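1. Provided below for reference: sequence and predicted model.
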Amino acid sequence: MNKLKLVVKREYKTRVQKKSFILLSIITPIIIAGLVIAPILIQQSTFKQKTVLIVDDTITLGDLLAKEKSSKFIKYINMPMESTIEEIADRYENAQDTMVLHLNKNFGVVTNSPGQLYNNGHPGPGVLKTIKNDCFDLFRKIQVYRMTKLNLEEIDKRLGDTCNIQYEGLGVNPQVKSYLSLAGGLLMYLLVLIYGVQVMKGVQEEKSNRIIEVILSSIKPVKLMWGKIIGIGLVGITQFVIIIVAAITLFSVIQSFVDVDTAGLVNDQIKMMDADGNLVDAKIPSMTVEEMDTLYAIEGLKSFLPTFLLVMPVLFVGGFLLYASFFATVGSASNQDTESQQYILPITLPIILSMIIAATIMENPNSDLVYWTSMFPLTSPIVMAARLPFMNLATDWWQILVAITLLFGLVWLSTKFAAKVYKTAILMYGQKLSYSNIWKWFKQSN
Amino acid sequence: MALKYIIKANKIVKQYNNHTALNKVTIKIPKGCIYGLLGPNGAGKTTFIRLINQISKPDQGEILFYNEPLNESHITKIGYLPEERGLYKKMKVGEQAMYLAQLKGMSKMEAKLKLTEWFDKFDILDWWDNKVEDLSKGMAQKIQFIVTVVHEPELLILDEPFSGFDPINTELIKQEILELKKKGTTIIFSTHNMQSVEEICDYITLINQSETIIEGPVEEVKKQFSRNSYEIHFTGNMISFTTALWTGFELLKKEEISKTEFKVTVSPMGNNSINDLLGAAMTGCKIKSVYESSAKMHDVFIKAVAQANEPKTTKKDLEDE
C-alpha cells in the first residue's frame, strides 16, 4: 500500500476508534438535540391543560372566554347560568388542574372588583397572567365593539392587517440566519481548533516518544506530516458529517414534534366538545407563534442547506490545513507539551478573534470588519462560515470565491513553510522552541 | 577474492548550521559482516546512520548501496533500530508492528505471516492485542527488534541494541544477530559496549570529532594498538624470574597470586625472542601458561580517541609510548 495512505489510515483509524471520538460523536448531537428539544419535551411532559370553570355574573365575558380564548394551555368552560360560585367552588375544591373563576357582575365596571380565581394550590404566575390577559383582551374588544359596533373577528382582522412588521429582505428570516450564523461559526471554530491541536499533539507524540526516527527511516518526513494532517482532517470531516447528519435528523425530529403536537391539540379540542356539549366550538386551532417560527425556520434551513453543505467543507478544509500546518510547525519544533503552550497562543489568537467577530455578525452582518475579515485568510474560515447565512449568494458569490482563493493561497505557503521546518525540527532534540530556531530550521532545509 | 561492499560512503561531509557533523568520512562496509561503528558521544555516528537511512542527505560526497547511489528503493532493504527508540503507546502491539512492517514495504499478508513467526519465536504471541503502554521496557525492546528485522533487510543498523535488556534477553538478541549474519545480513553495530564489539564485530570504524580515526578488521586494529607483550603465569621464585628478564625483557605488570605464584606481563626489548626468556626462567620457575597479549577494544578506543584529541601526539609517539 502507498505509504502516505498507510499513515493517513493509521492516523484516522486510531483516532476514530478512540473512546473519546465515539463518545463525542454520540454526545455532541445529543447535547445539541437536548438543547433544542429539551424545553419542548419538558413543557410537554409537565404540561397539563388547565381547565377554568367560569361562573359568570357579567353574562357576556364567560361565554366569549370559552369561545375565543380556549387554547391548549387553558380550556375555559362557562358554567350554566344557574350555577353558584359556592356550589362550583365546593365541587372542585380538591381538583388539581381545574380552577374556578368567578367574574362578579361589577367586573370591568367598578375599579375594586376583581375576578376571583379558586384553585387547590397556586395556579402559577403564567396561568394567572394568561387568564388576566385573556380577560383584558376580551374586555378591551367588548369596549371597542360597544363604541364601533365592529364584531370581534373584524377587530382582530383589522388589528392584524394594519399593525404588522414584515421582513422584506431575501432568503431566510433574520432570526434563523442568526442561529445558522452562530452555529456555522462555532462549528468551524471548534473543528479547526480541536483538530488543529490534535495535529500538534500527534507530531509531538511521535517526537517525544522517539518513534519518529524509526518512521523516518521508512517514509519521507514531509509525507509523514501530510499523512498526519490528512488523516486527522478526515477525522474532523467525519465528525463534521456526523454533526451535520445529526443536525438534519434533529430538525426532522423537531418537525415531527410540531406535527404531533398539532394533531394532539385537534384531538383535545374534539374531546372537549364531546365532553362538554356545545360549550366550546370544535374548531381546529391554529398553531402557536412559536410553532410557526419553528416551521418557518425549518423551511428556511432547507433552502439554505445546499450552499451550506457546499461551502462549509471547503472552508473547513482550507481553515484546517492552514492552522494544522501552523500547529504541526510548533509540534515538530517543541520538545515537550508544556514548552509549546506559549507558542499556541499566537496561533489560536486569530481563531479566537474570528469567533468573536463571528459572534457580532448576528447584530451587524454588514459591518466593514465582518466584510474584510470574512475574506482575510487567517479569519475567513470562521467569519465566512458565520457570514454565509447573511449573504445574498446571487450577488456576493465572488466574495466567497475571493475568500477561498486567498485562503488556499496562504495554505499553499503555510504548508510549504511547515514542511520545511518539520523536516529539520522533528529530529532536533534538546534545542529550545523559539522563533529564531524555527526560522533557523526553515532556512536549514532550503 | 575482492570484497563486495554493501555500503561505500565516500568523503561524506554533513554540516548543521556552523557545526560539521561529518568531515570527509569514508567508510566501506563489506557485505555479510558485523561492522562496529564506534566513537565518543557526539562524534557523528548517528549523523552517519541517518544518512544511510536517508533521513538526511550529505552535503558532500556520496553513499553507494551495492555501488548504486542511495535512493528511495533501498529503504526497504535497510532495517534500523535507533538508540532512542519508541513506539506509539496507545496502539496495540500487533497493529503497530503491522503498520511499521507495511511502512517497510511488506504486504499486509506477508507482514502478518512474518510477524506471527517472530512473535512465536520470542514467545510473545499473546502480547499481540496488548497496548504498548502496558508493556515493560524490555518487552517493548523486543517488539522494536522484531519490527526492525521483520522485513528481512539486507542491511541492519543497530544502535545500542542491548540497552534496556537483561542479560538473558541480551543473549537472546545477540544470538539472533549472529543468526542473521549467518543468513547473509550485513549489520552495522553502533555501541559503547566494547566487550560486545570484541565478541561480535568483524570490522570497526572509530569516528571521533566528525572524522574517521581508525578503521579495519577488529583483529588488525587490536594488533595495531597492542604492544608486543606476553602474559606469563608461573610458580616459583620471583627473583629467579626477574633474573631471567636480563635476557632483554621489560616487566610491565606483576600480579602476586600467592607467595610462590605469579602472573606477569613482559615485553621484549628489541628483537629478543620469548624463547630466550622462557629458557632462562625455567631454571628457577615452573611455567603454567604463556599468552601473547593483545590490546582490548576498550583500550584501543581510549588510546585512539586520546591520541586524536591531542593534536601534537602522532601515531608514532603512541607506539613508542
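-> Looks like it arrived, so ask away.
2. Run a quick neighbour tally on residue B:132.
-> Applying other C-beta atoms under 10 Å in any protein chain shown, we find 22 residues neighbouring residue B:132. Every C-beta, even on glycine, is put in place using the N, C-alpha and C of the backbone.
3. Equivalent analysis for residue B:111, please.
-> Residue B:111 is flanked by 22 other residues according to other C-beta under 10 Å.
4. Grab the nearest non-local neighbour of it.
-> Counting by C-beta to C-beta, 6 or more residues apart in numbering or on different chains, residue B:111 lies nearest to residue B:101, which is 3.8 Å off, once chain neighbours are set aside.
5. Please name the bridge partners of the residue lying closest to residue B:203 once chain neighbours are set aside.
-> Setting aside the residues directly before and after it, residue B:203 is nearest to residue B:35 in space (C-beta to C-beta, 6+ apart), at 4.8 Å. Per DSSP bridges, residues listed as beta-bridge partners of residue B:35: residue B:188, residue B:203.
6. can you pull the contacts of the most far-flung residue of chain A relative to its centre?
-> Computed with C-alpha atoms, centre = their mean, the residue of chain A farthest from its C-alpha average is residue A:82, at 53.2 Å. For residue A:82, the contact set (C-beta atoms under 8 Å, 6 or more residues apart in numbering or on different chains) is empty.
7. Tell me the secondary structure at it.
-> Remark: residue A:82 carries the secondary structure label coil [criterion: DSSP: H, G, I helix; E, B strand; the rest coil].
8. which non-adjacent residue is nearest whichever residue of the stretch 101-250 of chain B sits closest to chain A?
-> Using C-beta to the nearest C-beta, the point where the stretch 101-250 of chain B gets nearest to chain A is residue B:103, with a distance of 4.0 Å. Closest residue in space to residue B:103, ignoring its immediate chain neighbours: residue A:218 at 4.0 Å, by C-beta to C-beta, 6+ apart.
9. Could you give the number of residues near that neighbour?
-> Applying the criterion other C-beta under 10 Å, we find 27 residues in the vicinity of residue A:218.
10. picking that back up, now do the residue of the stretch 101-250 of chain B closest to chain A, the pLDDT please.
-> If you check residue B:103, the pLDDT there is 93.
11. shaky segments in the stretch 101-250 of chain B?
-> Within the stretch 101-250 of chain B, no range satisfies pLDDT under 70.
12. wait, does the strand or helix carrying residue A:409 make contact with chain B?
-> Secondary structure from DSSP states H and E places residue A:409 in helix A:393-425. No. Under the criterion of C-beta under 8 Å from any C-beta of the partner chain, helix A:393-425 makes no contact with chain B; the nearest approach is 8.5 Å.
13. elements contacting that helix?
-> Helix A:393-425 is packed against helix A:221-276, helix A:289-333, helix A:380-387, helix A:435-444, with contacts defined by 3 or more C-beta pairs under 8 Å, 6 or more residues apart in numbering or on different chains; DSSP states H and E.
14. quick revisit: next one: phi and psi at the residue farthest from the centre of chain A?
-> The phi and psi torsions at residue A:82 (degrees, to the nearest 10) take the values phi -80, psi -10.
15. contacting residues around the closest residue to residue B:37 other than its chain neighbours?
-> Once flanking residues are discounted, residue B:37 sits nearest to residue B:190: 4.2 Å by C-beta to C-beta, 6+ apart. Under the criterion of C-beta under 8 Å, 6+ apart, the contact list for residue B:190 reads B:36, B:37, B:38, B:45, B:46, B:49, B:83, B:157, B:158, B:159, B:160.
16. roughly how far apart are the first one and residue A:221?
-> When you say that, I think you mean residue B:36. In this view, residue B:36 and residue A:221 are 29 Å apart by C-beta to C-beta, to the nearest Å.
17. Same drill for these two, tell me which one is more crowded.
-> Per other C-beta under 10 Å, whichever of residue B:36 and residue A:221 has more neighbours is residue B:36, with 26 against 22.
18. and that one, what is it in contact with?
-> Neighbouring residues of residue B:36 by C-beta under 8 Å, 6+ apart: B:189, B:190, B:191, B:197, B:201, B:203, B:204, B:205, B:218.
19. list the contacts for the last one?
-> In other words, residue B:218. Applying C-beta under 8 Å, 6+ apart as the definition, the contact partners of residue B:218 turn out to be B:36, B:197, B:198, B:201, B:202, B:203, B:204, B:297.
20. Now which of those residues would you call buried?
-> Burial by neighbour count, judged by 16 or more other C-beta atoms under 10 Å in any protein chain shown, picks out B:36, B:197, B:198, B:201, B:202, B:203, B:204, B:297 from the contacts of residue B:218.
21. okay, now the residue of the stretch 101-250 of chain B closest to chain A: neighbour count?
-> Residue neighbour count, defined by other C-beta under 10 Å, stands at 24 for residue B:103.
22. circling back to that earlier point, going toward the C-terminus from the strand or helix carrying the residue nearest to residue B:111, what's the next helix or strand?
-> Using DSSP H and E, residue B:101 sits within helix B:93-103. Scanning the chain past helix B:93-103 towards its C-terminal end, the next helix or strand to appear is helix B:108-121 (assignment: DSSP H and E).
23. For that following helix, name the packing helices and strands.
-> Counting contacts by 3+ C-beta pairs under 8 Å, 6+ apart, helix B:108-121 packs against helix B:93-103, helix B:137-149.
24. Give me the neighbour count for residue A:71.
-> Residue A:71 is flanked by 17 other residues according to other C-beta under 10 Å.
25. Point out the residues in chain B that sit beside chain A.
-> Neighbours of chain A within chain B, by C-beta under 8 Å from any C-beta: B:16-17, B:50, B:53-56, B:75, B:78, B:80-82, B:84-91, B:99-100, B:102-104, B:108, B:144, B:147-148.
26. Dihedrals phi and psi, the closest residue in space to residue B:196 that isn't next to it in sequence?
-> Closest residue to residue B:196 in three dimensions, ignoring its sequence neighbours and counting by C-beta to C-beta, 6+ apart: residue B:162, at 6.6 Å. The main-chain torsion angles of residue B:162 are listed as degrees, to the nearest 10 and equal phi -90, psi -10.
27. from memory residue B:162 sits against residue B:174, does it?
-> Yes. Shown here, residue B:162 and residue B:174 form a contact pair, counting by C-beta atoms under 8 Å, at 7.4 Å.
28. Quickly list what's touching both of these two.
-> Shared contacts of residue B:162 and residue B:174, counting by C-beta under 8 Å, 6+ apart, come down to residue B:196.
29. so where's the stretch 51-200 of chain A uncertain?
-> Applying pLDDT under 70 to the predicted model, the residue ranges of the stretch 51-200 of chain A that meet it are A:159-176.
30. In it, what residue lies closest to chain B?
-> With C-beta to the nearest C-beta, the shortest gap between the stretch 51-200 of chain A and chain B falls at residue A:198, namely 13.0 Å.
31. so that residue is in which element?
-> Short version, using DSSP H and E: residue A:198 is in helix A:174-208.
32. angle of that helix against helix A:393-425?
-> With axes from the mean of the first three to the mean of the last three C-alpha atoms, to 10 degrees applied, the angle from helix A:174-208 to helix A:393-425 works out at 10 degrees.
33. Now whichever helix or strand comes after helix A:174-208 - C-alpha only, PDB.
-> As assigned by DSSP H and E, the chain's next helix or strand after helix A:174-208 is helix A:212-216. The C-alpha trace of helix A:212-216 is given here as PDB (Å, rounded to 0.1, in the frame of the first residue of the first chain):
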ATOM      1  CA  ILE A 212       9.900   9.300  14.700                       C
ATOM      2  CA  GLU A 213      13.400   8.100  13.900                       C
ATOM      3  CA  VAL A 214      12.100   4.600  13.000                       C
ATOM      4  CA  ILE A 215       9.200   6.000  11.000                       C
ATOM      5  CA  LEU A 216      11.500   8.400   9.100                       C
END
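34. sorry, back to before: measure the residue nearest to residue B:203 to residue B:159 for me?
-> Taken as C-beta to C-beta, the span from residue B:35 to residue B:159 is 13 Å.
35. more crowded one of those two?
-> residue B:35 (24 against 20).
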